[in-house]
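Asks: show me how the following folds:
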Amino acid sequence: MEATATADVPSPEDVAGRNEIRQIARNVLAAMKPADREVLIRFYVSDQSQSEICEELRITQQQFKNTKHRAKERFADLCRQR
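Replies: All right, here's what the predicted structure looks like:
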C-alpha cells in the first residue's frame, strides 16, 4: 500500500499566495532605508544573532534594538499601504 502525501503538497492557491507575499516583502524591503533593511534581513532571514550583527555592523546593542524596532514598524506600515 502506497502512502499518499497530499496533505504535504500545497495547493496552487497556496503557492500563489506565498509567492505574492514574498514579492510584497521584497518590494517593502527595497523601499526601506538600507540600514533598516540590513538589520531585518540579517536577523530574520539570515538568522544571525544580535551579537553577530552588532559586531559586523559595528553598532551597539542599543543601536541594534532601536534600529530593529524602527525597521519592524516601518515594514508593517509599508505592508499596510500595499
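Asks: low-confidence ranges in this structure?
Replies: Low-confidence regions of the chain, defined by pLDDT under 70, span residues 1-7.
Asks: which stretches of it form helices?
Replies: Across the chain, reading from the start of the chain, the helices by DSSP state H fall at 12-31, 34-40, 50-57, 61-81.
Asks: kindly reformat those as a markdown table containing mean neighbour count.
Replies: The way it works is simple: take the backbone N, C-alpha and C, and place the C-beta from them, glycine included. Formatted as a markdown table, the entries for the helices of the chain read as follows, by neighbours: other C-beta atoms under 10 Å:
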| stretch | mean neighbour count |
| --- | --- |
| helix 12-31 | 12 |
| helix 34-40 | 17 |
| helix 50-57 | 14 |
| helix 61-81 | 14 |
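Asks: from Arg37, how far out is Glu13?
Replies: Per C-beta to C-beta, to the nearest Å, Glu13 is found 30 Å from Arg37.
Asks: let me redo that: Val28
Replies: Between Val28 and Arg37 the distance is 9 Å, computed by C-beta to C-beta.
Asks: what residues do these two have in common as contacts?
Replies: Contact with both Val28 and Arg37 is made by no residue, according to C-beta atoms under 8 Å, 6 or more residues apart in numbering.
Asks: residue contacts, the residue nearest to Glu52 when sequence neighbours are not counted?
Replies: Spatial nearest neighbour of Glu52, chain neighbours left out: Arg42 (7.8 Å); criterion: C-beta to C-beta, 6 or more residues apart in numbering. By C-beta under 8 Å, 6+ apart, the residues touching Arg42 are Gln48, Glu52, Ile53, Glu56.
Asks: what is the nearest of those residues to Thr67?
Replies: The nearest member of the contacts of Arg42 to Thr67, counting by C-beta to C-beta, is Ile53 at 9.3 Å.
Asks: just give the nearest non-adjacent residue to the closest one, would you?
Replies: Leaving aside its sequence neighbours, Ile53 is closest to Arg42 (5.0 Å, by C-beta to C-beta, 6+ apart).
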